[in-house]
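K.L.:
Pasted the sequence and its predicted model underneath.
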Amino acid sequence: MSISIPLNTTLQYSSSSPSFHLPSLSLFSPIHSTTAVSVTGTRQRCLRMVTSCVSNAQKSNQNGATDAVSVVGREQIRLGLPSKGRMAADSLDLLKDCQLFVKQVNPRQYVAQIPQLPNTEVWFQRPKDIVRKLLSGDLDLGIVGLDIVSEFGQGNEDLIIVHEALNFGDCHLSLAIPNYGIFENIKSLKELAQMPQWTAERPLRVATGFTYLGPKFMKDNGIKHVSFSTADGALEAAPAMGIADAILDLVSSGTTLKENNLKEIEGGIVLESQAALVASRRALTERKGALETVHEILERLEAHLKADGQFTVVANMRGTDAEEVAERVKTQSSLSGLQGPTISPVYCKRDGKISIEYYAIVICVPKKALYESVQQLRAVGGSGVLVSPLTYIFDEETPRWSQLLSNLGL
Ligand SMILES: Nc1ncnc2c1ncn2[C@@H]1O[C@H](COP(=O)(O)OP(=O)(O)OP(=O)(O)O)[C@@H](O)[C@H]1O
Ligand SMILES: O=P(O)(O)OC[C@H]1O[C@H](OP(=O)(O)OP(=O)(O)O)[C@H](O)[C@@H]1O
Ligand SMILES: [Mg+2]
């Protein structure tokens, strides 16, 4: 295992009490360099001790993120799912919709199985711990919000977003200020930054749980006079309590902001988030079976999510032959289906003879365009329109799979 220690760190070893002192280990982030480390004490013993002490401490940096460690020899692939909160039930529902049934004996049990993926264990963890454990090598795959990936992953390249839009957990991380007092006429981040009130002695005070993304966002936007405080919830109360001037928190419906007389401002959105499938690069490249498992999960997810937005529409159309019907259908913009309509003859028996007067047309239409499509079908002579939900659409290969392989250099 390799460890990374900042430049000029002094590791002190005392032979009387065999322990190590890494003065800044819990204070820096991120960890970059392995050079210029000075070691005091008995050299050989020192290095052995450092390795084990850092390993045991899981190398947590200030935000709880851990450095990646080597893939350890276990047989099972581990998938982390949120153990609580609003993402928990939706993650299980999504997997169920993909015919991946998570068998959890009781809700307090933190490990579960998916019979359809016999080499995979599910571990229920808090979202931030899923990210931490992907980085430490204790999980291989996970479903979490992109907000948590960014906050706790801190751009670590070992984290790979396999699917960035699982269609639930939508929200955005946004800066909000009071809609009263000195902020009444402030509408943008620029205007907020230019307010004369903020000085080195009296900075803009922001309350947030996002202690990595918050300062990064302010720095990236050139806002100098700012300070941060943190709390575990109900941040929207902080301005009215006089604890902060602004908050940086997740917003989905916007109700909590409104009910607390707060408003979002132009340029104040830090990121858009929804649930994502995330993997450890190391696991995918080094752990036996991990890539095959992620491929299967990805295929199921893609097939389900693609189908989720579509209906199958079947209608009968009178016509002289299939081409003539196709020509008519193609004049309508909403009737092209995935690759063009499927048209098949409808065999009727008339006066004792089989004849073809109707053709059945089958198309997939986006749910949003259903009514428009039905109207267009009628306009070109369609009748007896049947609409049914689609369960899966399997394409030849998913673009996300090719992207993943290229990301992994495969
Ligand atoms: N309105 C929202 N507020 C917060 N998170 C949301 C919202 N909508 C979607 N999410 C997503 O849900 C994830 C989990 O949020 P949730 O509040 O349920 O759990 P938590 O924050 O881990 O729990 P707690 O709030 O008790 O600390 C967030 O990281 C985010 O990706
Ligand atoms: O825009 P809205 O739909 O109103 O949602 C936003 C609120 O939801 C979250 O809080 P949560 O319910 O997780 O409570 P918490 O503050 O205890 O985390 C978030 O921290 C906001 O307070
Ligand atoms: Mg919350």
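P.N.:
Yep, that arrived. Ligands and ions are numbered 1, 2, ... in the order given.

K.L.:
which one is the residue in the stretch 101-250 of the chain that ligand 2 sits nearest to nearest to, not counting chain neighbours?
P.N.:
Closest residue of the stretch 101-250 of the chain to ligand 2, CB to the nearest ligand atom: Gly233 (2.9 Å). Placement of C-beta: from N, CA and C, glycine included. Ranked by CB to CB, 6 or more residues apart in numbering and with sequence neighbours excluded, the top spatial neighbour of Gly233 is Gly209, at 7.8 Å.

K.L.:
For the one you found, list the residues it contacts.
P.N.:
Thr230, Ala231, Asp232, Gly233, Leu235, Asp249 (CB atoms under 8 Å, 6 or more residues apart in numbering).

K.L.:
switch the cut-off to 10 Å
P.N.:
128, 147, 151, 173, 230-233, 235, 247-250 (CB atoms under 10 Å, 6 or more residues apart in numbering).

K.L.:
Closest one to Val111 out of those, please.
P.N.:
Closest approach between those and Val111, by CB to CB: Lys128, at 18.9 Å.

K.L.:
what's the nearest residue to the closest one if we skip its chain neighbours?
P.N.:
Nearest one to Lys128, counting by CB to CB, 6+ apart, is Phe152 at 5.0 Å.

K.L.:
What helices and strands are in contact with the strand or helix carrying Leu134?
P.N.:
Per DSSP states H and E: Leu134 is located in helix 127-136. Helices and strands touching helix 127-136, by 3 or more CB pairs under 10 Å, 6 or more residues apart in numbering; DSSP states H and E, are strand 77-82, helix 86-97, strand 120-125, strand 141-145, helix 146-153, strand 159-163, strand 275-280, helix 281-286.

K.L.:
Comparing these, which comes out most buried?
P.N.:
The highest mean neighbour count among these, using mean count of other CB atoms under 10 Å, belongs to strand 141-145: a mean of 28.

K.L.:
Direction included, what does that one pair up with?
P.N.:
strand 77-82 (parallel), strand 275-280 (antiparallel) (DSSP bridges).

K.L.:
and ligand 2, which of the ones you listed is closest to it?
P.N.:
That would be strand 77-82 among the strands paired with strand 141-145, by CB to the nearest ligand atom, at 12.2 Å.

K.L.:
Are the closest one and ligand 1 in contact anywhere?
P.N.:
No - with CB under 6 Å from any ligand atom as the criterion, ligand 1 is not reached by strand 77-82; the gap is at least 6.7 Å.

K.L.:
Next, the angle from that strand to helix 127-136.
P.N.:
Here strand 77-82 runs at an angle of 160 degrees relative to helix 127-136 (axes from the mean of the first three to the mean of the last three CA atoms, to 10 degrees).

K.L.:
Please state the offset of strand 77-82 from the chain centre?
P.N.:
With CA atoms, centre = their mean, to the nearest Å as the basis, strand 77-82 stands 14 Å off its chain's centre.
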